[in-house]
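# what's the 3D shape of this:
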Amino acid sequence: MDLFPKAFQSDLADLMRWRRDVRRFRSDPVDDALVQECLETFLFAPSVGLSEPWRVIRVESTEARAAACKNFQIANQDALQGYSGEKAVLYAGLKLSGMRDAPVHLAVYCDEATDKGSGLGAKTMPEMRRYSVVGAINLFWLAARARGLGVGWVSILDQAQLAEDLTVSTDWRLVAYLCVGWPETNDTTPELETSGWDTRRGHLPVETR
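You can find the predicted model right below:
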């Protein structure tokens, strides 16, 4: 017997399709209570050994945001040098960050030294802590999307420089820098696919052993 009705299952599938990486935001502010409501999904996210290793920083000061934006610009220019020909032209035209426009910036870290959970499940695979943080981020992302908010994951950053600029613990490792706000448009097609960078697979490659 299904735990949830078919209509709910269908709505959930639609929500997951609408969970796109947003880079184009309206400048409208987002109510703090709404952001906090979405962040509370971290409280019931699963984690290896119940370690709950996620650490969230709201990047709000003018200085911290300016440093993060500069960080992206330098890293993005450096990444461009790794491409040539048509790919370089395509890359140069991509909008890979909504940092300038998004009203909410979140730096999400994993505390690699947490003693919560007593190391259960992380002795042989310590990266499970970071995977746990990723799972929690996905719940946050779905919660935000369900409320009409868009989220963009910025991965083109110098992690060491960001950690210095945000003065985080040396035991923390960056998992995601998230931009959150009201999207300019709503679309289920990834922007990278629309731009011609690549296409989504039409099937799931599953192997049997």
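# Please pull out the lowest mean pLDDT helix or strand from the chain.
Every helix and strand in the chain was compared by mean pLDDT, DSSP states H and E; the lowest is helix 191-194, with a mean of 91.
# Now stretch 151-163: buried residues?
Judged by neighbour count (16 or more other C-beta atoms under 10 Å), stretch 151-163 contains these buried residues: Val151, Gly152, Trp153, Val154, Ile156, Leu157, Asp158, Leu162, Ala163. Just so you know, the C-beta spots here come from the backbone N, C-alpha and C atoms, and that holds for glycine as well.
# these two touch, right, the fourth one and Ser97?
Think Val154. Yes. Here Val154 reaches Ser97: they are 5.0 Å apart, a contact under C-beta atoms under 8 Å.
# Show me the common contact partners of these two, please.
In terms of C-beta atoms under 8 Å, 6 or more residues apart in numbering, Val154 and Ser97 are both contacted by the residues Phe72, Cys179.
# Which other helices and strands does the longest strand anywhere in the chain contact?
With DSSP state E setting the assignment, residue counts place strand 172-181 as the longest strand in the chain. Under the contact criterion of 3 or more C-beta pairs under 8 Å, 6 or more residues apart in numbering; DSSP states H and E, strand 172-181 touches strand 104-111, helix 128-146, strand 150-154, helix 159-166.
# quick one, that strand and helix 128-146 angle?
Relative orientation of strand 172-181 and helix 128-146, computed by axes from the mean of the first three to the mean of the last three C-alpha atoms, to 10 degrees: 10 degrees.
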